[in-house]
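**Q** fold the following and give me the result.
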Amino acid sequence: MPPAPQAPQSEGPALELLVHGVGGATPQEMLVDPRTVRVTGDATAALYRRPGDIDAEAHPERYRDRPIPEAYCWSNLTSGNGSRALWLLLLPFMVINLAHWMRPAATRRPRAIRLYGVLVRLVALSLTILLTAAVCEVALDLTAWQCAGVAECSDQRSWLGFLSAAQGGWWSQPGRRLALAALAPTALVVLLWYLSNRTWSAYESQRPLTGTDPDDDAPPPGSGSDAAPVVRPALGRPGFWYGRRLVARLRAAHTAAGFLTVTAFVTGAATRRDRSVAGPVPEVFGLLIGAALVAGALVVLAVVCRRGRSERRLDNRIDRALVTYLPATTLVLLVLAALHAAWSRPGWVSAGALPGDVMFRVVTLAQGALVVLLAVVALDLYRRSPEPRTVMRGLGGPAVAMLACALGGVMTGGVAQRVADWLDGPGSPGMGRSALIEGPPVLLSWQASVIPVLLVLLVIPVLVLGLRTYRAARRLEPLIDAEYAPERPDPARTRQIARIRATAALTDSASGMLGLLSGATLLLGAGAVGGAWASGQVPGLAMDGSSPFVESVAEAAQSTGSWLIGFGFLVFVACGRRAYRDAAARRTIGILWDVGTFWPRAAHPFAPPCYAERAVPDLASRMSGWTARTRGRLVISGHSQGSVLAASAVWQLPAETRGRVALLTYGSPIERLYGRWFPAYFGPVQLHGLHRSVHCWRNLWRATDPIGGEVRLGEESGPEVDRGPLKDPLVYGRTPEHPLPEPVLGHSDYQADPVFAEERAALLERLVPVLPHQAGQSGRAVREVPEGLPETAE
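**A** Residues are numbered from 1 along each chain as shown. Alright, predicted model coming up:
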């Protein structure tokens, strides 16, 4: 077979497009120059150059031996002022959105894939209902119904005086108190809708460049008609980074679900009153509202289940009738329910608690059942297309969905428990001893009580993991001495390097810990539901009559769990605020947040915004426009999470543009985290396709890096991608050239290693001349075709 014809040699300069990673970086740090100039972009994300490089394209003779450095800074998409820590309150929504993207890779299983997406979206809907119900529990039940209805409680709260039943005022009737208190959860739902709509406009509304269709079947110029196919993953589809239609539909459905939840709390007590006692309000009004409530719930379920993401084309349509009328209709229904509850009913007195316990039990049971069904579907998908590197044999998505439900239960239950303790003063809600109010639903107390048990159960695997890490570090010590061969070995220095390497390997054990945590949570949650349903009392009272030891353990678990929830909630928010303001803390936990907000909002519309829907079009537009204008070579250089953005942007490029692009990644989690946890999008097939589609790719990694790792592509994909592990530290001890001890760099400062400059220069050399990329050594040019997997066409 004759060799493929060569494309014309590159005529323009070379550009190195730098993309930073976790924790962010300033343009000055990335370009190693205190003076930088913004080339294009805004205060949120922009491209920067040194002042002397602004007109570099007009003077290519100055850059014959080096590329033009250009930095893309996107740190303001994920960090900023401390108020953004409030996004952490929506962590369960972000976690369930992750579960959507964690499904196993599968071929020719469209129905199972659609079912997986539907189940995740239903779990996400239950989290919205749970959050709204928790606010209803605090505002309507604990405050307006219980505390305002008891003189001893309302007298201690001056701000509740006008609602107090003892005052006998216009607001003293229970229905009117409920109608007024409904403003709190309604305001929350409106706020969530506003934030979702506002962040879409600010973060995710960037459309791909007009005229660039990355799903083009045409082979690269000069490749011939017998070109070998390259699999293009879902991330390269035109509509992947522009899910406007689905987000708008889900936003309308979740907003309506929130309003319907508030309606159920408001109208339930009034309808039961009208049924039990003949009064001035016709019973049929409550029945009509209840029927409308059921009809609205069915519509919401239909909207959530009917349509998933449309990625194979850029879908810019909006279902305006649905998006407008569904939330508006449910809001009108809520107003009618409030008017119905506020109707005068002489002699109506609030006693006990609202029957919110039934709603919390139904939601909890539904979540457990959905997670189990999700696990069955995930196992079936994995069995059809097993991949050894996939975490937990395909159960990563169900485990993360269970974690989202647990986080939602802990946060909502913690708020209810703490507010009840505060309103009750010295009493203990639900215990019957000097308690002024009945307290929150019994199920929430049982859920709080299992937290200390869960922590005790996790002590054993944590100790085992710590012992395993210690032994691994001890085994590494002689290997490190042999690697550096120091003239005078320093045991302390050797132990330090070994400990850091062993600790970095803990990242690969996260899946096992998550599996144990999710399994224990599912079993303990089922026990909590069973205990609450069987006893109808809080654990401290349910164990009355048993042995003194069991009684004391139950009471201790109940009180300790309640305080642990409140304390943990405050610590969580404080750590989140510090992570937003402190770069060092952000690097420590930033990878988890950056992974969570990398993915589009496909399951929950109220999740924190997806920064990649802004960053990926930015990078793809820059690479496509610059190469078309200059006909130059381009190396996109991505560190950490920036390497994932770089790879995603490369997939969005036309085939001709990718022939002028080289990819340099370092400290990259693209296989270690994304490939194992998101195999349908970063699995071996997708990474092999990425390697064959770009002109060349090199990946640098260290054994001391807890985030980055190998890409693990074999020789069948062509030239080797991985280079490592790089030596870290570069020097073992003090030398004449390095009189001070060198630090262990771990995940940072890859540019400080001489290997970085060497590999960058090698990539630029391989880009001259620009050739149609070869498929292995066969001499056959590569032709791109859309991926034949119906993975996300739901």
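
**Q** the residue nearest to Phe285 when sequence neighbours are not counted: what's it in contact with?
**A** Leaving aside its chain neighbours, Phe285 sits nearest to His340 (5.5 Å; criterion: Cβ to Cβ, 6 or more residues apart in numbering). Placement of C-beta: from N, CA and C, glycine included. Applying Cβ atoms under 8 Å, 6 or more residues apart in numbering to His340 gives the contacts 175, 267, 270, 281, 285-286, 289.

**Q** which of those fall within helices?
**A** By the criterion of DSSP state H, membership of the contacts of His340 in helices covers 175, 267, 270, 285-286, 289.

**Q** assign the closest residue to Thr44 other than its chain neighbours to one of the three secondary structure states.
**A** The shortest distance from Thr44 to any non-neighbouring residue, by Cβ to Cβ, 6+ apart, is to Asn76 (4.9 Å). With DSSP: H, G, I helix; E, B strand; the rest coil as the basis, Asn76 sits in helix.

**Q** Asn76 against Ala46, yeah?
**A** No - using Cβ atoms under 8 Å, Asn76 makes no contact with Ala46, being 9.0 Å away.

**Q** who's more crowded, these two?
**A** Legend: neighbour count by other Cβ atoms under 10 Å for Asn76 and Ala46, higher for Ala46 (18 against 14).

**Q** ok, that one to Pro461 distance?
**A** Computed as Cβ to Cβ, to the nearest Å, the Ala46 to Pro461 distance reads 45 Å.

**Q** equivalent analysis for Ile707, please.
**A** Counting by Cβ to Cβ, the gap from Ile707 to Pro461 is 22 Å.

**Q** of these two, which one has the most company?
**A** Each of Ile707 and Pro461 has its neighbours counted (other Cβ under 10 Å); Ile707 has more, 22 against 15.

**Q** quick revisit: who touches both of Asn76 and Ala46?
**A** Here Asn76 and Ala46 share no contacting residue, scored by Cβ under 8 Å, 6+ apart.

**Q** tell me who's in contact with the residue nearest to Thr44.
**A** 24, 43-45.

**Q** what ranges in the stretch 51-200 of the chain fall below the confidence cut-off?
**A** Applying pLDDT under 70 to the stretch 51-200 of the chain flags the ranges 79-87, 200.

**Q** how about the stretch 501-650 of the chain?
**A** Residue ranges of the stretch 501-650 of the chain with pLDDT under 70: 573, 575-592.

**Q** what ranges does it have for its strands?
**A** Residue ranges of the strands in the stretch 501-650 of the chain, as given by DSSP state E, counting those that start in this stretch, are 633-639.

**Q** now the helices for it?
**A** Applying DSSP state H, counting those that start in this stretch to the stretch 501-650 of the chain gives helices spanning 510-535, 539-542, 548-581, 583-598, 612-630, 641-651.

**Q** check the secondary structure at Leu18 for me.
**A** strand.

**Q** let's verify the closest residue to it other than its chain neighbours: helix, strand, or coil?
**A** Distance criterion Cβ to Cβ, 6+ apart; nearest residue to Leu18, sequence neighbours excluded, is Ala71 at 4.6 Å. Using three-state DSSP, the structure places Ala71 in strand.

**Q** can you give me the end-to-end span of stretch 481-488?
**A** 10 Å (Cα to Cα, to the nearest Å).
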